[in-house]
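K.L.:
Here is the input, now give the coordinates:
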Amino acid sequence: MHRRLALLSAVALVSGGTFLTTALPATASTAPPPAEEEAADTKAEQGDVLDYWTKSKMQNAQPLTVPAPKTGSNGQGEPGQPNTNSPWTAPPTDPQAAVSTGSQWTKGGAVVKTTGRVFFTYQGRNASCSGSAVTSTNRSVVVTAGHCVKMGGEFHTNWVFVPGYDNGNRPFGTWVATKLITTPQWNAKEDINFDIAAAVVAPQSGKRLQEVVGGQGIAFNQNRRQQMYSFGYPAASPYNGSKLIHCAGRAFDDFLLSRDHGLTCNMTGGSSGGPWFVNFNETSGSGTLNSVNSFKYNFAPNWMFGPYFGNEAQAVYNEAQNTDAT
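P.N.:
A predicted model of the protein is given here:
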């Protein structure tokens, strides 16, 4: 029996307490190498991308109805299994148990700077997702969902990250991607269990992204069913992509078609790629990124699902943080 999935990107018709400044060395991964695509890797290209994204194009983003992704990666209709290894994490913050199904985040803190909207061109149309700046060696990494960098067989173009986006305002600038990276499983077959990606963004005015907005922690191969906080910029009704929205609660395991985490959450299209945190501190607004918003089942709109961060996610992160951002 087929159940339709809905990815959470959006399309435009016209368009923690303490930040870590140096990434901890990540342990070796047994995952196959990620898939990569050069983006705007020259100053001229970066200037063209910045000129392209007007305030109007960003504000007019509308939801995109995305075909159900393929869930099987082994040719037999079964979802792929993320590989695991020893747990690895950046230093966590103190957990704060809470429940929210999709309300505006009003408590400030690090998360309002590190979380942002992602904009790109998809099949000739302008689309939006969400993403998060994370601590990294090159201080220039944004983590998001796989379908927010590639879908339908092609990598997206005109890719930018706008941290702290607020109703059309860009308080921390617009950061242009120089490289897009995703898992080999998403690249080859759009396996929903590996809907994970990272972007390396170019410096602005001599400063790197992490120097301007900070970077959240990130962890791999962690225990499931933890208290988690999810953030994003949903753009479909009843939201409009103008504000940072969050959900919080204890994650559960998807018992249907994927091996993802699940969370009770009402966020809609446009929230894809937004961060899921464990050990999130509501006072400081910082935590440890351990998944991203990925998809919903059409028949269960109050559930959000995000991929498990195993070896494949760690390989994407390692490739991104070791890439020269300049």
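K.L.:
Going by residue numbers, what spans are helices in this protein?
P.N.:
If DSSP state H is used as the criterion, the helices of the chain fall at 43-52, 55-59, 111-114, 184-189, 209-213, 311-321.
K.L.:
Out of the ones you listed, which gets nearest to Thr178?
P.N.:
The stretch from the helices of the chain with the least distance to Thr178 (CB to CB) is helix 43-52; that distance is 7.7 Å. Glycine gets a C-beta too; all of them are placed from N, C-alpha and C.
K.L.:
Show me what that closest one is packed up against.
P.N.:
Helix 43-52 sits against strand 157-163, strand 175-182, with contacts defined as 3 or more CB pairs under 8 Å, 6 or more residues apart in numbering; DSSP states H and E.
K.L.:
possible to save the helices of the chain as TSV with distance to Asp254 and mean neighbour count?
P.N.:
As requested, the helices of the chain are exported to TSV (distance: least, CB to CB, whole Å; neighbours: other CB atoms under 10 Å):
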stretch	distance to Asp254	mean neighbour count
helix 43-52	36	14
helix 55-59	32	15
helix 111-114	25	25
helix 184-189	16	20
helix 209-213	32	23
helix 311-321	17	25
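K.L.:
Dump the ones you listed into TSV; add distance to Asn290 and mean pLDDT as well.
P.N.:
Output for those, formatted as TSV (distance: least, CB to CB, whole Å; pLDDT from 0 to 100):
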stretch	distance to Asn290	mean pLDDT
helix 43-52	30	92
helix 55-59	28	89
helix 111-114	14	98
helix 184-189	18	94
helix 209-213	19	97
helix 311-321	9	97
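K.L.:
Export these as TSV, with columns for distance to Arg259.
P.N.:
Output for the helices of the chain, formatted as TSV (distance: least, CB to CB, whole Å):
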stretch	distance to Arg259
helix 43-52	35
helix 55-59	34
helix 111-114	27
helix 184-189	12
helix 209-213	31
helix 311-321	12
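K.L.:
For Ser130, which of those is the nearest?
P.N.:
Among the helices of the chain, the nearest to Ser130 by CB to CB is helix 111-114 (11.3 Å).
K.L.:
other SSEs contacting the closest one?
P.N.:
If contacts are counted by 3+ CB pairs under 8 Å, 6+ apart, helix 111-114 sits against strand 125-134, strand 286-292.
K.L.:
Just say which of the helices and strands packed on helix 43-52 is most tucked in.
P.N.:
Among these, ranked by average contacts under mean count of other CB atoms under 10 Å, first place goes to strand 175-182 (a mean of 27).
K.L.:
so for that one, what's the average pLDDT?
P.N.:
Confidence over strand 175-182 (mean pLDDT, whole number) is 98.
K.L.:
for it, packing partners?
P.N.:
Contacts defined by 3+ CB pairs under 8 Å, 6+ apart place strand 175-182 against strand 35-38, helix 43-52, strand 157-163, strand 197-201, helix 311-321.
K.L.:
ok, Ala177 to Ala198 distance?
P.N.:
With the distance defined as CB to CB, to the nearest Å, Ala177 ends up 10 Å from Ala198.
K.L.:
joint contacts of these two?
P.N.:
Counting by CB atoms under 8 Å, 6 or more residues apart in numbering, the contacts common to Ala177 and Ala198 are Val142.
K.L.:
Which of the helices and strands packed on strand 175-182 sits closest to His246?
P.N.:
strand 157-163 (15.7 Å).
K.L.:
Remind me what that closest one packs against, helices and strands.
P.N.:
Under the contact criterion of 3+ CB pairs under 8 Å, 6+ apart, strand 157-163 touches helix 43-52, strand 115-122, strand 125-134, strand 175-182, strand 197-201, helix 209-213.
K.L.:
Quick one: low-confidence residue ranges for the chain.
P.N.:
Scanning the chain for pLDDT under 70 picks out the ranges 1-31, 61-100.
K.L.:
so who does the residue minimising distance to the centre of it touch?
P.N.:
Among the residues of the chain, Thr144 comes closest to the average C-alpha position under CA atoms, centre = their mean, at 2.0 Å. When the contact criterion is CB under 8 Å, 6+ apart, the partners of Thr144 are Val118, Cys129, Ser130, Gly131, Ser132, Ala197, Ala198, Ala199, Ser272, Gly273, Val292.
K.L.:
Now do Thr106: how many residues are near it, please.
P.N.:
Counted by other CB atoms under 10 Å, the residues lying close to Thr106 total 9.
K.L.:
I'd say Phe305 and Gly262 touch.
P.N.:
Yes. At 5.3 Å, Phe305 and Gly262 qualify as touching, with contact defined as CB atoms under 8 Å.
K.L.:
Between those two, which contacts overlap?
P.N.:
What both Phe305 and Gly262 touch, as defined by CB under 8 Å, 6+ apart, is the set Asp254.
K.L.:
more crowded one of those two?
P.N.:
More crowded of Phe305 and Gly262, by other CB under 10 Å: Phe305, with 29 against 23.
K.L.:
That one pairs with what?
P.N.:
On DSSP bridges, the residues paired with Phe305 through beta bridges are Gly262, Phe295.
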